[in-house]
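Visitor: Output the structure for:
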Amino acid sequence: MLDKDQEGLIFNIQNFSVHDGEGIRTLVFFKGCPLHCIWCCNPESQKFTPERAFNPMRCLTAAECGRCIKACEYDALTLIDGLICFTPQKCTACGKCVDRCPSGAQSFYGKKYTVEEVIQLVEKDESFYIRSGGGITLSGGEALCQPDFALALLRESKKHSLRTTIETCGHYPTEILAEACKYLDELIMDIKSLNEEKHKKFTGATNEQILKNVKYLCDNQPDLKITFRTPVIPGFNDTEEDIMAIRELLPVRDTLNYELMTYHRMGQPKYEYLGRPYQLEGVVADEVLMKKLRAMIAQYAEIHKNA
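Guide: Okay, the predicted model is just below:
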């Protein structure tokens, strides 16, 4: 199959991003992730299948509309005490309720795209990439858990002279990462914790493969621009010991950067739309601690930059 004909599952394509690689970028969000981090700000990215969501604030109510209930042939949507109720076990993800909803209350995460279709959408903003040094960023979910599609998209992007970046959790075979690096201008990877037990408890998977991939990048990709990121989550990895253990794992060099990301709850409403509980309700970031941790890793880099 030609690269341009490869097909994959995408849940969003976001234009004009400036925080996900150099310059102005278009983010392509892949559906499906091997990790289920309890703080995830994109819970709609986790499942490897299309997924229905419901925003009650947009609903016109069954009394005024009710088109979604009539459209559902499998009784996944029913009316109970005047409220539209959803039974996920009965949903076949046919999308008919979304098609009939006039307000956008019913929505769908996950649509099949070919590489060619993605490239056509990305190239609409080509002039902004040229001026800013931006390009395409593969995000997710985890792009490299759809390896055939992701690698084909990277290869085709280079054919179209697009600068390429990936945001990745690092949980997949190293040979896939090695192949992706051939077509990347920049790589951004999370390192959440070096503690295997805590990592499994908070993300649903161990960190063994992730750390293998971190080592591969540090040892074998000295010229690739790499940013390692740690989301600092209260009660998980928000201690000096946790952060310094990660910082000391990484070499200090010009092509490698280490960043700390402040915990936020901007994705919390999506859990309600998907009918899932949000497990960190009420948790807030400690800004004073974040300032201290950032100063600590900056001092470490300064001390070791000429070592």
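
Visitor: Which parts of the chain are strands?
Guide: 7-17, 25-30, 51-54, 77-80, 83-86, 106-109, 111-114, 135-139, 163-168, 186-190, 225-232, 256-262 (DSSP state E).

Visitor: Enumerate the helices of the chain by residue range, in sequence order.
Guide: Here the chain has its helices, by DSSP state H, at 67-71, 96-100, 115-122, 126-132, 147-159, 174-181, 196-203, 208-220, 240-249, 268-274, 287-304.

Visitor: picking that back up, for the strands of the chain, which one sits closest to Ala152?
Guide: strand 7-17 (8.4 Å; C-beta to C-beta). From N, CA and C alone the C-beta is placed, and that goes for glycine too.

Visitor: Show me what that closest one pairs with in its sheet, parallel or antiparallel.
Guide: strand 25-30 (antiparallel), strand 111-114 (antiparallel) (DSSP bridges).

Visitor: Just name the most buried of the strands of the chain.
Guide: When the strands of the chain are scored by mean count of other C-beta atoms under 10 Å, the highest mean neighbour count falls to strand 135-139 (a mean of 26).

Visitor: quick one: contacts of that one?
Guide: Strand 135-139 has contacts (C-beta atoms under 8 Å, 6 or more residues apart in numbering) with 17, 20-23, 25-30, 122, 129, 150, 153-154, 157, 162-167, 185.

Visitor: average pLDDT for it?
Guide: Averaging pLDDT along strand 135-139 yields 97.

Visitor: on that earlier part again, identify whichever of the helices of the chain lies nearest to Glu7.
Guide: Once the helices of the chain are compared by C-beta to C-beta, helix 147-159 is nearest, at 6.6 Å.

Visitor: I'd like to check which residues are in contact with Leu154.
Guide: Leu138, Thr164, Ile166, Ala180, Tyr183, Leu184.

Visitor: Name the pair among the residues you listed with the greatest separation in space.
Guide: Farthest apart among the contacts of Leu154 - using C-beta to C-beta - are Leu138 and Tyr183, which lie 10.3 Å from each other.

Visitor: Give me the local confidence score for Val118.
Guide: Listed pLDDT for Val118 reads 98.

Visitor: wait, it sits on Leu27?
Guide: No. If you go by C-beta atoms under 8 Å, Val118 and Leu27 don't touch, sitting 11.2 Å apart.

Visitor: Please convert the strands of the chain to CSV, extending it with distance to Ile176.
Guide: As requested, the strands of the chain are exported to CSV (distance: least, C-beta to C-beta, whole Å):
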stretch, distance to Ile176
strand 7-17, 14
strand 25-30, 13
strand 51-54, 24
strand 77-80, 39
strand 83-86, 36
strand 106-109, 24
strand 111-114, 20
strand 135-139, 13
strand 163-168, 10
strand 186-190, 13
strand 225-232, 16
strand 256-262, 21
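
Visitor: what ranges of the stretch 51-200 of the chain fall below the confidence cut-off?
Guide: Filtered on pLDDT under 70, the stretch 51-200 of the chain yields no residues whatsoever.

Visitor: which residues are common contacts for Val118 and Leu27?
Guide: With contacts defined as C-beta under 8 Å, 6+ apart, the residues shared by Val118 and Leu27 are Ile13.

Visitor: I'd say Leu217 and Leu184 touch.
Guide: No. Between Leu217 and Leu184 there is no contact under C-beta under 8 Å: 10.6 Å.

Visitor: Pull up the overlap in contacts between those two.
Guide: Leu224.

Visitor: Would you mind listing where the stretch 201-307 of the chain has pLDDT under the threshold?
Guide: 306-307.

Visitor: Now with 90, please.
Guide: Applying pLDDT under 90 to the stretch 201-307 of the chain flags the ranges 272-275, 304-307.

Visitor: so what's the closest residue to Tyr271 other than its chain neighbours up against?
Guide: Leaving aside its chain neighbours, Tyr271 sits nearest to Tyr278 (4.3 Å; criterion: C-beta to C-beta, 6 or more residues apart in numbering). The contact partners of Tyr278, taken as C-beta under 8 Å, 6+ apart, are Arg265, Gln268, Tyr271, Glu272.
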